[in-house]
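Asks: model this:
(chains A and B)
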Amino acid sequence: MDDTQLPVDVLHWIAALVPLAVLLLLLVVLRWKAPEAGPIGMFTAAAIALLLFRTPFETLIVGGARGVWDALFILFVVWPALLLYRVVERAGAFAALRNGIERYTRNELFLVMGFAWVFASFLQGIAGFGAPIAVVAPLLVALGVRPLFAVALPLIGHAWANMFGTLAVGWLATLRVVELEDPTRVAFETAILLWIPSIAAGFSIAWLYGRGAAVRAALPMILVIATVHGGGQLLLTLWDPVLSTFIASSIALLLLYPLSRWKRYSEPAEGIERRPAMKDEDADATARARDEEIEHEGEPVMSLPMALLPYAVLTVISIAALVPDRVEEALGGVEVGLAFPEVSTNYGLVTEAEDPYSPFAPFTHPGTFLLLSAIVVWIVYRTKGYYEAYAERRDREAGLLASLADDAVPASVAIVGFLVMSTVMEASGQTAVLAQGIAEVAPPTIFAFLSTWIGVLGAFMTSSNTASNILFAPLQQDTVVALEGLRQPPIIGAQSTGGAIGNAIAPANVVLGTGTAGNVGEEGEILRRTLPWTIGVAVLVGLATVALNAW
Amino acid sequence: MRTVMVLGAALVLMLLAFPLVSVGTTGDADALWWIGAALLVVGGVIPPLTRYVIRDD
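Replies: Here you go, the predicted model:
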């Protein structure tokens, strides 16, 4: 990554930015569908690698094949998550869940906040790789949220939990690639910065739901949950960073019950006149539509506990597999993968041989937890006769597996395209030139501000906080050593926080949501909502990094 | 022809490239990794083309 022969100049820096700019242009401005835009980004990165980064064809193809393998890690979440979604939907569980929850509270704002922020964060605490978006988006659609917002809201809501979520896989990867002088201090200062997206998520989701009136109505909930999420994680990093997000997000989830008993959140919120996130902006019309739907479909085919079964099973399986050290060690020991040789560019950038490359541990992967959950839930629901009962009330629909393919194939093509683009950029040196270009021209204070943006860039390219840190944490560390006036904890913290908030605009995450929310093709519209949020939060985190660095 | 079927074929081609390139480049079997490269390129070209040449019934 730090090879001095790399052409770190204006021409190559702009050229390295082109694949990302093309991808954003196609998705956001021209509104192409993600499976169409992803491969174009891939070919753009390859063309620039060949023409301007002196990349031999074999290096390019090895880089591309590595991207296909990296994509499989995400595809193994996409397919089981979509299968779980279909298994749940075809049994009428979403309708039952919505009706059951409304017996506890008819406060739509509370429900939207609860699912998009609190439940999505909890899921990120145990199972990452985009699973929270894939699981929560259809739940929000069932509540009457427009599909566009059903994807955008959990993207924003879960972002803060990426770094120490999935039992801190991002943190553990950072420890592997950077030698930290004081890991506890780095984790603590990272958690300070992560508090910003946590608070911003609460305010933003309320605002997107119903503008200022909704923010005022949700204020106590925002303060309580953000304190538990951000403050809880901050304190827990002093004890064990690995469990910090999991414990904080679990406590926040439990707090939803007492909050739902409070009259403020058990009754419909008053005074919220504009509800742009909802399918029907008129709350009364939404309620009438639901009553008509219940009248048409009859009472739900299952009880609320049965409708909640998939999420309980998913939680139990994930915790059982990951939390006890011995179980995690035993299951994680089974790994598969293929080898790649050492390749290099004519600028001297070497990608070392790996055998196996990035091995895949199927038994500790969230995809396995989702798949097992889908199988268990399907058996239970089938035994109870829910599929037959619910099918009698519905029009004839395509088979379960045909529906799964309709949802998963376009998302999978897009994800392979994004990941191949990312690995081609990495293998050819485009990624390194982008980051080194910033590091070379920025004075310490400016670099402290921009370090967050490097993390965002990594997450946007790879759709992973972990991958962003593996790519860029060493560069951030090198810059701390090279530039006087930078401290390691806030800079690594800014990289990690940037990697977390970048997940809100990561195309693979967006595609995961559109797959389950049923709005494939709206990826650009979703990015139009999450991009301003990411930029705004990155500015705040950048300023906080400057302050922390001077502290 | 349904777009999802064409995209499915493109996906399979791109996924097949991974083992072929791995085995071809580590085992000095040039033909294998060239086939893998061709599959990756063809699999990548198909999805953008669906925008212009395929209409779902």
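Asks: burial count for A:Gly100?
Replies: Here the number of neighbours of A:Gly100 (other CB atoms under 10 Å in any protein chain shown) works out to 18. C-betas here are computed from N, CA, C, even on glycine.
Asks: wait, isn't it in contact with A:Pro300?
Replies: Yes - here A:Gly100 lies in contact with A:Pro300, judged by CB atoms under 8 Å, at a distance of 7.2 Å.
Asks: Mutual contacts of these two, please.
Replies: A:Ala307 (CB atoms under 8 Å, 6 or more residues apart in numbering or on different chains).
Asks: can you list the residues of the stretch 301-450 of chain A near chain B?
Replies: Residues of the stretch 301-450 of chain A lying near chain B by CB under 8 Å from any CB of the partner chain: A:338-341, A:343, A:355, A:357, A:405-406, A:409-410, A:412-413, A:416-417, A:420.
Asks: Report the separation between the closest residue to A:Leu527 other than its chain neighbours and chain B.
Replies: Distance criterion CB to CB, 6 or more residues apart in numbering or on different chains; nearest residue to A:Leu527, sequence neighbours excluded, is A:Val28 at 5.1 Å. Distance of A:Val28 to chain B, given as CB to the nearest CB, to the nearest Å: 16 Å.
Asks: For A:Val28, what are phi and psi?
Replies: phi -90, psi -40 (degrees, to the nearest 10).
Asks: And A:Leu349, by the same measure?
Replies: Main-chain torsions, A:Leu349, degrees, to the nearest 10: phi -80, psi 120.
Asks: Name all residues that make contact with the residue nearest to it when sequence neighbours are not counted.
Replies: Closest residue in space to A:Leu349, ignoring its immediate chain neighbours: A:Gly429 at 4.4 Å, by CB to CB, 6+ apart. By CB under 8 Å, 6+ apart, the contact list for A:Gly429 reads A:3, A:6, A:53, A:55, A:345, A:347, A:349.
Asks: Report the separation between the second one and chain B.
Replies: This points to A:Leu6. Using CB to the nearest CB, A:Leu6 is found at 23 Å from chain B.
Asks: contacting residues around that residue?
Replies: By CB under 8 Å, 6+ apart, A:Leu6 lies in contact with A:347-349, A:429, A:432-433, A:436.
Asks: and if you look at the third one?
Replies: Applying CB under 8 Å, 6+ apart, we find A:Phe53 in contact with A:7, A:12, A:15-16, A:345, A:347, A:428-430, A:433.
Asks: one more time with 7 Å
Replies: By CB atoms under 7 Å, 6 or more residues apart in numbering or on different chains, A:Phe53 lies in contact with A:345, A:347, A:428-430.
Asks: pLDDT weak spots in chain B?
Replies: Confidence mapping of chain B against pLDDT under 70 gives the ranges B:1, B:55-57.
Asks: switch to 50 and redo it
Replies: The model of chain B has no residue with pLDDT under 50.
Asks: Can you pull up the residues of it that come close to chain A?
Replies: Contact residues (CB under 7 Å from any CB of the partner chain) of chain B with chain A: B:4, B:7-8, B:10-11, B:14-15, B:17-19, B:21-22, B:25-26, B:33, B:36-37, B:40, B:44, B:47-48, B:50-51.
Asks: what do you get if the cut-off is 6 Å, keeping everything else the same?
Replies: Counting by CB under 6 Å from any CB of the partner chain, the residues of chain B close to chain A are B:4, B:7-8, B:10-11, B:14, B:17-18, B:21-22, B:25-26, B:37, B:40, B:44, B:47-48, B:51.
Asks: what about burial for these, which qualify?
Replies: Taking 16 or more other CB atoms under 10 Å in any protein chain shown as the criterion, what is buried in the residues of chain B next to chain A is B:4, B:7-8, B:10-11, B:14, B:17-18, B:21-22, B:25-26, B:37, B:40, B:44, B:47-48.
Asks: Show only the entries of these found in helices.
Replies: Counting by DSSP state H, the part of these found in helices is B:4, B:7-8, B:10-11, B:14, B:17-18, B:21-22, B:25-26, B:37, B:40, B:44, B:47-48.
Asks: quick revisit: highest neighbour count among the contacts of A:Leu6?
Replies: Busiest of the contacts of A:Leu6 [other CB under 10 Å] is A:Gly429, holding 30 neighbours.
Asks: Got the phi and psi for that residue?
Replies: A:Gly429 adopts backbone torsions of phi 100, psi 0, taken as degrees, to the nearest 10.
Asks: Also A:Asn346?
Replies: phi -80, psi 0.
Asks: what's near enough to touch the closest residue to A:Leu23 other than its chain neighbours?
Replies: The shortest distance from A:Leu23 to any non-neighbouring residue, by CB to CB, 6+ apart, is to A:Gly41 (4.0 Å). By CB atoms under 6 Å, 6 or more residues apart in numbering or on different chains, A:Gly41 lies in contact with A:19, A:22-23, A:421.
Asks: ok, now with 7 Å
Replies: Contacts of A:Gly41 (CB under 7 Å, 6+ apart): A:19, A:22-23, A:417-418, A:421.
Asks: after the strand or helix carrying it, next one along is what?
Replies: Assigned by DSSP states H and E, A:Gly41 belongs to helix A:34-52. Per DSSP H and E, the first helix or strand lying C-terminal to helix A:34-52 is helix A:57-90.
Asks: Residue in the stretch 201-350 of chain A with the shortest distance to chain B?
Replies: Of the residues in the stretch 201-350 of chain A, the one nearest chain B is A:Leu338, at a distance of 3.9 Å by CB to the nearest CB.
Asks: Relative to B:Gly36, how far out is the closest residue to that residue other than its chain neighbours?
Replies: Spatially, and ignoring its direct neighbours in sequence, A:Leu338 is nearest to B:Ser22 (3.9 Å; CB to CB, 6+ apart). B:Ser22 sits 8 Å away from B:Gly36, taking CB to CB, to the nearest Å as the criterion.
Asks: Look up the residues that both of the two are in contact with.
Replies: Common neighbours of B:Ser22 and B:Gly36 (CB under 7 Å, 6+ apart) are A:Ala65.
Asks: ok so, going back, pick out the lowest-pLDDT one from the residues of the stretch 301-450 of chain A next to chain B.
Replies: Across these, the bottom pLDDT score, 84, is held by A:Asp406.
Asks: name the helices or strands packed onto the host helix or strand of that one?
Replies: Using DSSP H and E, A:Asp406 sits in helix A:400-428. Counting contacts by 3 or more CB pairs under 7 Å, 6 or more residues apart in numbering or on different chains; DSSP states H and E, helix A:400-428 is packed against helix A:34-52, helix A:57-90, helix A:444-462, helix A:507-517, helix B:3-26.
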